[in-house]
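Engineer: Provided below for reference: sequence and predicted model.
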Amino acid sequence: MEGIFVYTTFPDWESARKIVRELLERKLIVCANLREHEAMYWWEGKIEEGKEVGAILKTEVSKWKELREAIRELHPYEIPVIARIDLDKLNREYSEWMARVLFG
Amino acid sequence: MEGIFVYTTFPDWESARKIVRELLERKLIVCANLREHEAMYWWEGKIEEGKEVGAILKTEVSKWKELREAIRELHPYEIPVIARIDLDKLNREYSEWMARVLFG
Amino acid sequence: MEGIFVYTTFPDWESARKIVRELLERKLIVCANLREHEAMYWWEGKIEEGKEVGAILKTEVSKWKELREAIRELHPYEIPVIARIDLDKLNREYSEWMARVLFG
């Protein structure tokens, strides 16, 4: 079991909760941590600002491609960020729990 | 000095502050950044939701095993997440400050 | 295109917004996600606590050195944290958008 975090951002709580629930139901992730942030970014030649909801999605590396495709399918943004960070270490009890949820 | 971030989550501010303070006092970390989030996760066959406090713990890689054991010992959860991310680069002045706090 | 996240923290929203805007204007980053946290840390032999604003800065690895130097130049802290996490995967459409903003 190789644990990964996948970071993505949503325009609001409604879309965040709805999509995260769908990812959980499809057993593509075991857990998500969601919190608001202020985004500042380039868009069509201008610097924009706005509230978003960012999510850390926790899962196993073998779910990556299916998870990425599901986010692409469900996400309201034209160009969402879907960034994968491979964990260098993950405590065994969490890793085993993750395996039971995803594959058990 | 190889800097690492360790991510864990607590059920509330009281336990988060108490445990983080203990980790600081034991010189297992130099700094923690704590903020609330909404967690959504599988638990005993159901999708659950609830507020938590997430923490980024900053330290040096040689502290990892002792830090992981301390979190296991102090943490109220049966199965906490203790995820290590090795930093690919860390500015020298912060790295040197970390060394002075942890080892100096 | 190799995507990276750079994590840093600011003493307040004013300095965070001002510096992030400058980094955007210099095309050193494409996007930043900012949110408040509670920091707990060692400082001059004591454990201190206080509010901060943490930022995830999104960019391409070739911008790293210039970005680090710009943060050092602009940052109000004597010793800011400037931590780079190399993304293990990043969805192609975001990666391509990043290239257009930074180099296009």
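Structural biologist: Everything's here; your move.
Engineer: Show the average pLDDT along stretch A:66-79.
Structural biologist: Averaged over stretch A:66-79, pLDDT sits at 97.
Engineer: you'd agree A:M40 is in a helix?
Structural biologist: No. According to DSSP: H, G, I helix; E, B strand; the rest coil, A:M40 belongs to no helix; its state is strand.
Engineer: give the contact list for the closest residue to A:F5 other than its chain neighbours.
Structural biologist: Excluding the flanking residues, the one nearest A:F5 by C-beta to C-beta, 6 or more residues apart in numbering or on different chains is A:I85, at 4.7 Å. (Each C-beta comes from the backbone N, C-alpha and C, glycine too.) Applying C-beta atoms under 8 Å, 6 or more residues apart in numbering or on different chains, we find A:I85 in contact with A:I4, A:F5, A:V6, A:Y7, B:I85, C:F5, C:I85, C:L87, C:D88.
Engineer: hmm, try it at 7 Å
Structural biologist: A:I4, A:F5, A:Y7, B:I85, C:I85, C:L87, C:D88 (C-beta atoms under 7 Å, 6 or more residues apart in numbering or on different chains).
Engineer: And for A:R21, the neighbour number?
Structural biologist: Residue crowding around A:R21 was assessed by other C-beta atoms under 10 Å in any protein chain shown; the count is 14.
Engineer: Actually, A:E93.
Structural biologist: Based on other C-beta under 10 Å, the number of other residues close to A:E93 is 15.
Engineer: helix, strand or coil for it?
Structural biologist: Secondary structure assignment for A:E93 (three-state DSSP): helix.
Engineer: Hmm, it is touching B:I79, no?
Structural biologist: Yes. The pair A:E93 / B:I79 is scored as a contact, 5.1 Å apart, by C-beta atoms under 7 Å.
Engineer: And the residue located most distally from the centre of chain A, its phi and psi?
Structural biologist: Distance from the centre of chain A peaks at A:G45, with 27.3 Å (C-alpha atoms, centre = their mean). Torsion angles at A:G45 (phi, psi; degrees, to the nearest 10) stand at phi 80, psi 0.
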